[in-house]
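>>> below: sequence and its predicted model.
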Amino acid sequence: MRTSGGVAGGAAAAGAGLTVGVGTAAAQEEEPDWPEGVTDAPNYSETEDFRGEDEVVVDVGAGDGLQFAPPAIWIDEGATVVWEWTGEGGAHNVETVEGDHDLGSETTDEAGFTYEHTFEEGGITFYHCLPHDAQNMFGGVAVGDDIDTVEAAEGPGAMEPTDMGVDIREHYVGVGAILAIVVSLIFTFYTLKYGESPNAKGGN
Ligand SMILES: [Cu+2]
């Protein structure tokens, strides 16, 4: 029958509407608006916020030896970052690719070697290890509160369509599903009340 088909379709649409609705409820927080390379670092999942601290240590040659860790940090103006070589992964350096701060260490494989930079000015900088640029040995430093930010999911468990570059208009799918339910219910109601054929319309 047409009417039962309409109800079943409405129920299926209701399920889709609920799924999208849950997605929009995910907690959001601010992240620096990183240049594209920073988030391509193999160990990047989110920005680590070290605001409030005077000094932050970043390992050079972390993970498989070809990573900075943590790869993306957010610090206060005036804070110092100390890059510390692990000795793993061969010779590395720290060098600005683009951004507001000039970073440039020597290239070495010496364990315990350090390079430090005090970030007096606000801004965002994307840096890399030149010998391992092809391996995405990338990092980022965001400084101060006066920087461009984007909304980001908190934690790796909160990946939602909107955080993966899907347009916000996707949420209209949920609204559309609810409208479809309402329309099919109204259709069902009128079909049941007034019947399906003109012959039935007159009643007894
Ligand atoms: Cu390297």
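Sure, I can see it.
>>> check which residues of the longest strand along the chain are buried.
Identified as the longest strand of the chain according to DSSP state E is strand 55-62. For strand 55-62, the neighbour count (16 or more other Cβ atoms under 10 Å) marks 56, 58, 60-62 as buried. Placement of C-beta: from N, CA and C, glycine included.
>>> for it, name the packing helices and strands.
Packing partners of strand 55-62 (3 or more Cβ pairs under 8 Å, 6 or more residues apart in numbering; DSSP states H and E): strand 67-69, strand 72-75, strand 80-85.
>>> is it positioned near the ion?
No - remark: strand 55-62 sits outside contact range of the ion, by Cβ under 5 Å from the ion, the gap being at least 6.8 Å.
>>> what mean pLDDT does that strand have?
Averaged across strand 55-62, the pLDDT comes to 98.
>>> ok and it relative to strand 80-85, angle-wise?
20 degrees (axes from the mean of the first three to the mean of the last three Cα atoms, to 10 degrees).
>>> then strand 55-62 to CSV, C-alphas only?
Output of strand 55-62 as CSV, limited to C-alpha atoms (Å, rounded to 0.1, in the frame of the first residue of the first chain):
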residue,chain,number,x,y,z
GLU,A,55,59.7,27.2,28.2
VAL,A,56,58.6,24.3,26.0
VAL,A,57,60.8,21.4,24.8
VAL,A,58,60.3,19.8,21.4
ASP,A,59,62.0,16.6,20.5
VAL,A,60,63.8,16.5,17.2
GLY,A,61,63.9,12.9,15.9
ALA,A,62,60.9,11.6,17.7
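>>> what lines up beside it in the sheet?
Neighbouring strands of strand 55-62 in its sheet, by DSSP bridges, are strand 67-69 (antiparallel), strand 80-85 (parallel).
>>> isn't V97 right up against L130?
No - V97 is not in contact with L130 according to Cβ atoms under 8 Å; the separation is 9.3 Å.
>>> next, the residue nearest to A111 when sequence neighbours are not counted: secondary structure please.
Once flanking residues are discounted, A111 sits nearest to G87: 2.7 Å by Cβ to Cβ, 6 or more residues apart in numbering. Secondary structure for G87, judged by DSSP: H, G, I helix; E, B strand; the rest coil, is coil.
>>> quick one: the spatially closest residue to D76 that is not a sequence neighbour and the ion, what's the gap?
Distances taken as Cβ to Cβ, 6+ apart place R51 nearest to D76, at 5.1 Å, with adjacent residues excluded. Using Cβ to the ion, to the nearest Å, R51 is found at 27 Å from the ion.
>>> what's the following helix or strand after the helix or strand of the chain at the bottom of the mean pLDDT ranking?
Lowest on mean pLDDT, DSSP states H and E among the helices and strands of the chain sits helix 2-24, with a mean of 44. Next in sequence after helix 2-24, counting helices and strands by DSSP states H and E, comes strand 28-32.
>>> can you tell me what sits against that next one?
Strand 28-32 is contacted by residues 46-47, 72, 74, 124, 140, 142, 147-154 when judged by Cβ atoms under 8 Å, 6 or more residues apart in numbering.
>>> if any of the residues you listed are buried, put those into a PyMOL selection.
Under the burial definition 16+ other Cβ under 10 Å, those of the contacts of strand 28-32 that qualify are selected in PyMOL by:
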select buried, resi 46+47+72+74+124+140+142+149+152+153
